[in-house]
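Asker: I'll drop the sequence and a predicted model, then ask my questions.
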Amino acid sequence: MFGKNKEADNTSLNRVLKTRHLTMIAVGGAIGDGLFLSTGSTLGIAGPLGALIAFIIIGVMVYSMVHSLGEMAVFLPSPGAFQTWSAYFVNPGLGFTVGWNYWFSWAVVTGIEIIVAGIAMSYWFPDVPMVIWCVVFSIVLLGLNLFSARAYGETEYWFAGIKVVAVIVFIIVGILMIFGVIGNAPNTGLSNFTAYGGLFPKGAAGIVACLFTAVYTFWGTEIIGVTAGESEEPQKSIPKAVRTVFWRILIFYLGSIFVMGALLPYENANVMMSPFTAIFRFAGIPFADSVFNMIVLIAVLSCANSGIYAASRMLYSLAKEGKAPKSLTKTNERGVPVRALVITAAVGLLAFLSSFISADRVYLILVSATGIATIFSWASVAFANLRFRGWLKKTKLGVGALKFKAPFYPFGPIFTAFVCCCTIIGTFINEDSRMTAFIGVPLFFVLWGIGLILQKNGNLKKISDEEIIEQSTLDNSYKEKLNPTND
């Protein structure tokens, strides 16, 4: 599946992503329009302290999920990531479901993000048709991804760096405003966290209802599992990238939510104005709207860039494992799965066109169908990790064979699965995400039903323990001495 020599194999990926790429992707890969735009609705639903509690819950869950992901990515680095691990350690039907669900969601999201980028450009250039910017951005991002995985990594490295700087500036400015040093915010100090009913200003139901919004802001964290398939040194780069997650969650997400909750009246918070824009305005920063618009543009282009990469690699891995047409495994001389990339871009284009042709029907259905895919992907990581540990015991390998171990096992994956289930329930409670639940949840189970039928008919074959061990990063001494027990 991987290689450096493209003369011998035209279906292999190249390991060209360096540690600095993966580290920055881990640090800034999930800082997108969810954090910059959607957090206002979180404050409105749960209140300042309720929103902070919701983000702490999701933050702990993401921390646990990423460490479970890292444990398996170091042992078995694959572009299929959780799709591959689900197929190997749970059953092929689940792998089929998770893979196709994840691919479809990111392919559609790519088209959506391109639209948002076009809207952002229209702010500065209102006389230029938005569609022109969308076409330009689409060509540029597709070209970068067609060039090489290194081009994606390098672009995302700088995109992520700019987003990280923006969030740090926001938090610093916000803290100064909380203490009344600068600006003219509606509230200062910590009064918002004690007013309006105290610990649960809108009740526990408000916290559960906004869990999905909190999840949306973390969307993309799991991509570091996909990048493991093209990492130069996954045994070094993945653990380093995973370990940055705790500080990112603590500083960027919880810090941002704390600042927003302290400065903005929750009863006025909504999705119509980003908390970032509001606070920059209150701080008296010149051209606050333009500054924020630039941040949003970079964030959505970063998200679209990651979406094209992640979806194309997932489609490639599905084809490699017999869950999609084998022709999609073909790569060019630089190790790029061109056909998988083009198919992914085509689906993104359809999502883009549907927003103009039938925004009230087709487009809305597409968006809703993709909204819950990440939650199912994260849940699959938890289930796969639990089964993976069982597989280690069955094959007599034990946790001693692991070069990176997820802390707090088994609490971590169990907590991840539990919170994912609560979040899905929350999508039915929250009116803003209810359509997502009514479309996204049935879609997942329809795909799962198809996967189980294909598995029962022998179209999806379970891989042997010997093949798993051969693909793994186990030391040769283990591979030579181990005599695995097959089912």
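Answerer: All right, it came through fine. Please read these numbers as outputs of a predicted model, since none were measured by experiment.

Asker: From the structure, what's the count of residues near the closest residue to Thr277 other than its chain neighbours?
Answerer: Take Thr277 and drop its neighbours on the chain: the residue closest to it by Cβ to Cβ, 6 or more residues apart in numbering is Phe292, 4.6 Å away. C-beta coordinates here come from the backbone N, C-alpha and C atoms, glycine included. Around Phe292 there are 25 other residues, counting by other Cβ atoms under 10 Å.

Asker: Remind me what the strand or helix carrying Phe292 packs against, helices and strands.
Answerer: Following DSSP states H and E, the helix or strand that holds Phe292 is helix 288-320. Applying 3 or more Cβ pairs under 8 Å, 6 or more residues apart in numbering; DSSP states H and E, one finds that helix 288-320 makes contact with helix 33, helix 82-89, helix 92-124, helix 130-147, helix 149-178, helix 223-227, helix 275-282, helix 338-357.

Asker: Could you rerun that using 6 Å?
Answerer: Here helix 288-320 touches helix 92-124, helix 130-147, helix 149-178, helix 223-227, helix 275-282, helix 338-357, going by 3 or more Cβ pairs under 6 Å, 6 or more residues apart in numbering; DSSP states H and E.

Asker: which helices and strands sit right next to the shortest one?
Answerer: To tie it back to what came earlier, the one meant is helix 223-227. Looks like helix 223-227 contacts helix 19-28, helix 288-320 (3+ Cβ pairs under 6 Å, 6+ apart).

Asker: so which of those helices comes closest to Leu402?
Answerer: helix 19-28 (18.9 Å; Cβ to Cβ).

Asker: buried ones in the closest one?
Answerer: 19, 21-28 (16 or more other Cβ atoms under 10 Å).

Asker: Can you show me the CA trace of it as PDB?
Answerer: What follows is helix 19-28 as a C-alpha-only set of coordinates in PDB (Å, rounded to 0.1, in the frame of the first residue of the first chain):
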ATOM      1  CA  THR A  19       6.600  15.300  11.700                       C
ATOM      2  CA  ARG A  20       6.100  19.100  11.500                       C
ATOM      3  CA  HIS A  21       3.300  18.700   9.000                       C
ATOM      4  CA  LEU A  22       1.400  16.200  11.200                       C
ATOM      5  CA  THR A  23       2.000  18.200  14.300                       C
ATOM      6  CA  MET A  24       0.600  21.400  12.800                       C
ATOM      7  CA  ILE A  25      -2.300  19.500  11.200                       C
ATOM      8  CA  ALA A  26      -3.100  18.200  14.700                       C
ATOM      9  CA  VAL A  27      -2.800  21.600  16.300                       C
ATOM     10  CA  GLY A  28      -4.800  23.600  13.700                       C
END
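
Asker: That helix vs helix 288-320, what angle?
Answerer: 120 degrees (axes from the mean of the first three to the mean of the last three Cα atoms, to 10 degrees).

Asker: can you start the count at 365 instead of 1 from here on
Answerer: From this message on, residue numbering opens at 365, which makes the last subject helix 383-392.

Asker: Helix 383-392 packs against which elements?
Answerer: helix 513-542, helix 587-591, helix 598-612.

Asker: returning to that earlier point: now, which of the buried residues of helix 383-392 sits nearest Trp467?
Answerer: When those are compared for distance to Trp467 (Cβ to Cβ), Ile389 wins out at 18.8 Å.

Asker: show me the contacts for that closest one.
Answerer: By Cβ atoms under 6 Å, 6 or more residues apart in numbering, the contact set of Ile389 is 520, 588.

Asker: Look up how far Ser670 lies from it.
Answerer: 8 Å (Cβ to Cβ, to the nearest Å).

Asker: what do you get for Lys769?
Answerer: Distance of Lys769 to Ser670, computed by Cβ to Cβ: 27 Å.

Asker: still on that earlier bit, which positions within the helix holding Phe656 qualify as buried?
Answerer: 652, 655-684.

Asker: One more: stretch 823-835?
Answerer: 824, 827, 829, 832-833, 835.

Asker: likewise stretch 699-714?
Answerer: 699-705, 707-709, 711-714.

Asker: and the helices and strands packed on helix 652-684, which one's lowest on average pLDDT?
Answerer: Ranked by mean pLDDT, the helices and strands packed on helix 652-684 bottom out at helix 639-646, which scores a mean of 81.

Asker: which residues sit against it?
Answerer: Residues from elsewhere that reach helix 639-646 (Cβ under 6 Å, 6+ apart): 400, 403-404, 534, 538, 547-549, 624, 627-628, 652, 656.
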